[in-house]
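Peer 1: Coordinates only, no sequence provided:
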């Protein structure tokens, strides 16, 4: 029993550590190809470890899919970005997650479509995101999504 608790805590810590390491790499201006690959592997590792946490939530999974979508969008791998953005929306919708997470699912879709050069689909998702933003009660969270949605065109 004690060993299971340790494994659960270890998986949770690995998930968090990898997630944070991915953020550091996403924010790095001049990543090398090796760092790009490391970012992909750490994003997948974070997601994997979350799936092994005993009390994982739909929110954890949604955020994991969102981060995978962001990584692939930043790396201009549109098909993978779209795949994970769709998974993010699916888990968020099916679990009736808060507007903050729903908005980010649409942000991920908009960004993935932009990478794929599908401007119309990107615009549709961006508008859905903006509609949901108005439902976010926490002003700081609302600002985070608004800031990210405005970076889509400039980041592609």
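Peer 2: Received it, and whenever you're ready, just let me know what you need. This one's a predicted model, so the numbers in the text were calculated from it and none came from an experiment.
Peer 1: what about residue 70, which helix or strand?
Peer 2: Using DSSP states H and E, residue 70 maps to helix 58-74.
Peer 1: Buried ones in that helix, by neighbour count?
Peer 2: Across helix 58-74, burial judged by 16 or more other C-beta atoms under 10 Å covers 60-74. In short, each C-beta sits where N, CA and C put it, glycine included.
Peer 1: which regions of the protein lie under the pLDDT threshold?
Peer 2: 1-8, 154-156 (pLDDT under 70).
Peer 1: Residue 111 contacts residue 85, correct?
Peer 2: Yes: Residue 111 is in contact with residue 85 according to C-beta atoms under 8 Å; the separation is 7.3 Å.
Peer 1: quick one: common contacting residues for those two?
Peer 2: Counting by C-beta atoms under 8 Å, 6 or more residues apart in numbering, the shared contacts of residue 111 and residue 85 are 69, 73.
Peer 1: how about the nearest residue to residue 61, chain neighbours excluded?
Peer 2: Take residue 61 and drop its neighbours on the chain: the residue closest to it by C-beta to C-beta, 6 or more residues apart in numbering is residue 91, 5.2 Å away.
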